[in-house]
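>>> Fold the following for me, if possible:
(2 chains)
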Protein chains: 2
Amino acid sequence: MSELLNKQNYSGLFAALGYVFKNTDLLKQALTHRSANKNHNERLEFLGDAVLGLCVAQMLYEKFPSQPEGKLTRMRSNLVKGDTLASIARELDLGSLIFLGSGEMKSGGHRRDSILADAVEALLGAIYIESGLEATKLCIAKLFDSRLAKLDPNIQIKDSKTLLQEYLQSRQLPLPEYEVTDISGKDHAQVFTVCCTVESLSLRESASGRSRRIAEQKSAKSILEIINK
Amino acid sequence: MSELLNKQNYSGLFAALGYVFKNTDLLKQALTHRSANKNHNERLEFLGDAVLGLCVAQMLYEKFPSQPEGKLTRMRSNLVKGDTLASIARELDLGSLIFLGSGEMKSGGHRRDSILADAVEALLGAIYIESGLEATKLCIAKLFDSRLAKLDPNIQIKDSKTLLQEYLQSRQLPLPEYEVTDISGKDHAQVFTVCCTVESLSLRESASGRSRRIAEQKSAKSILEIINK
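Numbers count the residues shown, from 1 in each chain, chains lettered A, B, ... in the order given. Reported below is the predicted structural model:
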């Protein structure tokens, strides 16, 4: 691995982060997946997740001084979710810098969202360890700047159940009813089927998913698709 | 409310926190439930939750340098869960200091776990706003010190499903099977009934709860009670 550990390879990463690592062992650990080495990045990821959570919370708290907690929470979930972190990892070209075991390497681990997202968190954890909160906050601000600028608490993406509820409420119609109508399979392979009924519109749609929550969202989405046709 | 806002009333709180608030408006906001006033503590709670998450994560990261991420995560959940925060609120005697609307007051809101836990988080968020991370970390260390000292990553409290699984694995017996056997009620008032079967011991116990997860845990607990008799 040592040939990867010269500054040349990391100059792009350092520029994108706006941060130059002093401790290359720590940097290496942050980029090491558990499949590669026992000195891997999971503990740093644990810390990085928490640092990211605080920094994003504070950025939202300051940027939206009059938004209620619920909207801040939703915006935060959106910013720190795996998808977003994986996109950031791709912008940083992290895939080519992550150390993976041979099995993961062959199966395309460099491109896997979860591995990429975890490495972003681990990097932030490492920066926090090395240089503290303010330095990490600056990196996070740099990484999330464009996403933060695009956030609008009022036009953010809402889940289907919320959209359906708002649609009905705006028309002063009663709320939809969700009912689990079937469960098949055993243990954690169970599949839930939920029926969403909107009496007032004579609509009834069923959908299945691995949890009640997922099935509910899918059934609400079906109803919305009919409404919006 | 103003009679409550003199230092006399807060001296016990300040001593227990090891922190004296400079900004009494901020302190008052941290202790104001949404039922009392529109300038309530939910945004501070949002921030405090994140600050607490980071500080506890870092304390565990440093205290247990060789524990894997999974154990750190479990210990953190245990430390920051509502139950724990509500206990801390009671130690701080926060109930008597929280501003509640008259409805909440009558229905015993001062004693409700969620209101107490939220106020602890809001206080931490307020300290972070007023004095930054290091000051908040000191307060959190003071509040969590005895709980942190008692933590042992290897003998921590495990949930019933984990305990049952470990019991069976240690005897090389097959894992239990969980199956949802009934769902009653509608929407979010649904009650799940789960049956836990341990074929190898000819044991089968059912239990109900507001989610599949809760019902599974309760059924595993019933099986364990029989095993441990």
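>>> what about A:Glu205, which helix or strand?
Per DSSP states H and E, A:Glu205 falls inside strand A:203-209.
>>> and chain A, which residues reach chain B?
When proximity is defined as CB under 8 Å from any CB of the partner chain, chain A approaches chain B at A:42-43, A:45-47, A:49-51, A:53-54, A:56-58, A:61, A:67-69, A:72-73, A:133, A:177-180, A:183, A:186-187, A:190, A:212. C-beta: built from backbone N, CA, C; applies to glycine.
>>> domains of chain A?
What automatic domain parsing lists as the domains of chain A is A:2-150, A:160-227.
>>> Poorly predicted segments of chain A, please.
A:1-8, A:155-157, A:187-188 (pLDDT under 70).
>>> mind listing the strands in it by residue range?
A:177-184, A:191-198, A:203-209 (DSSP state E).
>>> With respect to burial, which of the ones you listed scores highest?
strand A:191-198 (a mean of 20; mean count of other CB atoms under 10 Å in any protein chain shown).
>>> returning to what we had before: how about the strands of chain A in a markdown table, adding distance to A:Ser96?
As requested, the strands of chain A are exported to a markdown table (distance: least, CB to CB, whole Å):
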| stretch | distance to A:Ser96 |
| --- | --- |
| strand A:177-184 | 43 |
| strand A:191-198 | 39 |
| strand A:203-209 | 35 |
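>>> Quick check on the spatially most central residue of chain A: phi, psi?
The residue lying closest to the centre of chain A (CA atoms, centre = their mean) is A:Lys81, at 1.0 Å. Torsion angles at A:Lys81 (phi, psi; degrees, to the nearest 10) stand at phi -70, psi 160.
>>> Now do it against A:Asp49, distance only.
As for A:Lys81, its distance to A:Asp49 is 12 Å (criterion: CB to CB, to the nearest Å).
>>> and what of A:Leu31?
A:Leu31 is 16 Å from A:Asp49, by CB to CB.
>>> got the contact list for A:Arg76?
Counting by CB atoms under 8 Å, 6 or more residues apart in numbering or on different chains, A:Arg76 touches A:Gly53, A:Val56, A:Ala57, A:Leu60.
>>> pretty sure A:Gly95 contacts A:His110?
Yes: with contact defined as CB atoms under 8 Å, A:Gly95 reaches A:His110; the gap is 4.1 Å.
>>> and A:Ala50, what does it touch?
Applying CB under 8 Å, 6+ apart, the residues near A:Ala50 are B:Ala50, B:Gly53, B:Leu54, B:Val56, B:Ala57, B:Gln58.
>>> ok, now A:Asn37?
Shown in contact with A:Asn37 (CB under 8 Å, 6+ apart): A:Phe99.
>>> just to revisit the earlier point, report the buried members of the residues of chain A next to chain B.
Applying 16 or more other CB atoms under 10 Å in any protein chain shown to the residues of chain A next to chain B, the neighbour count classes A:42-43, A:45-47, A:49-51, A:53-54, A:56-58, A:61, A:67, A:69, A:72, A:133, A:178-180, A:183, A:190, A:212 as buried.
>>> So which of those residues sit within helices?
Using DSSP state H, the subset of these located in helices is A:42-43, A:45-47, A:49-51, A:53-54, A:56-58, A:61, A:69, A:72, A:133, A:212.
>>> quick revisit: roughly how far apart are the residue nearest to the centre of chain A and A:Val56?
A:Lys81 is 11 Å from A:Val56, by CB to CB.
>>> and what of A:Ser206?
Distance from A:Ser206 to A:Val56, by CB to CB: 37 Å.
>>> what does A:Glu205 give?
Separation of A:Glu205 from A:Val56 (CB to CB): 35 Å.
>>> What of A:Lys28?
26 Å.
>>> Also A:Glu91?
From A:Glu91 across to A:Val56, the span is 17 Å (CB to CB).
>>> ok, now A:Asp83?
Distance of A:Asp83 to A:Val56, computed by CB to CB: 15 Å.
>>> I figured A:Met59 hits A:Ala141, correct?
Yes: taking contacts as CB under 8 Å, A:Met59 lies within contact range of A:Ala141: 6.8 Å.
>>> the more surrounded of these two?
Per other CB atoms under 10 Å in any protein chain shown, whichever of A:Met59 and A:Ala141 has more neighbours is A:Met59, with 20 against 14.
>>> Spatially nearest residue to the more buried one (excluding sequence neighbours)?
A:Leu148 (6.1 Å; CB to CB, 6 or more residues apart in numbering or on different chains).
>>> Can you get me a residue count around the one you found?
Neighbours of A:Leu148 under the rule other CB under 10 Å: 16.
>>> quick one, what contacts it?
A:Leu148 is in contact with A:Met59, A:Leu60, A:Lys63, A:Leu79, A:Ala141, counting by CB under 8 Å, 6+ apart.
>>> which among those residues gets closest to chain B?
Lowest distance from chain B to the contacts of A:Leu148 (CB to the nearest CB) belongs to A:Leu60, with 8.2 Å.
>>> What's the separation between the closest one and B:Ala135?
For A:Leu60, the distance to B:Ala135 - CB to CB - is 22 Å.
>>> Compare the two and say which one has the larger neighbour count.
A:Leu60 (24 against 14).
>>> quick one: the closest residue to that one other than its chain neighbours from A:Val56, how far?
In space, and not counting its chain neighbours, A:Leu60 is closest to A:Leu72: 4.8 Å by CB to CB, 6+ apart. As for A:Leu72, its distance to A:Val56 is 10 Å (criterion: CB to CB).
>>> swap in A:Ile140?
7 Å.
>>> burial measure for A:Ile88, as a count.
As a burial measure, A:Ile88 scores 20 neighbours (other CB under 10 Å).
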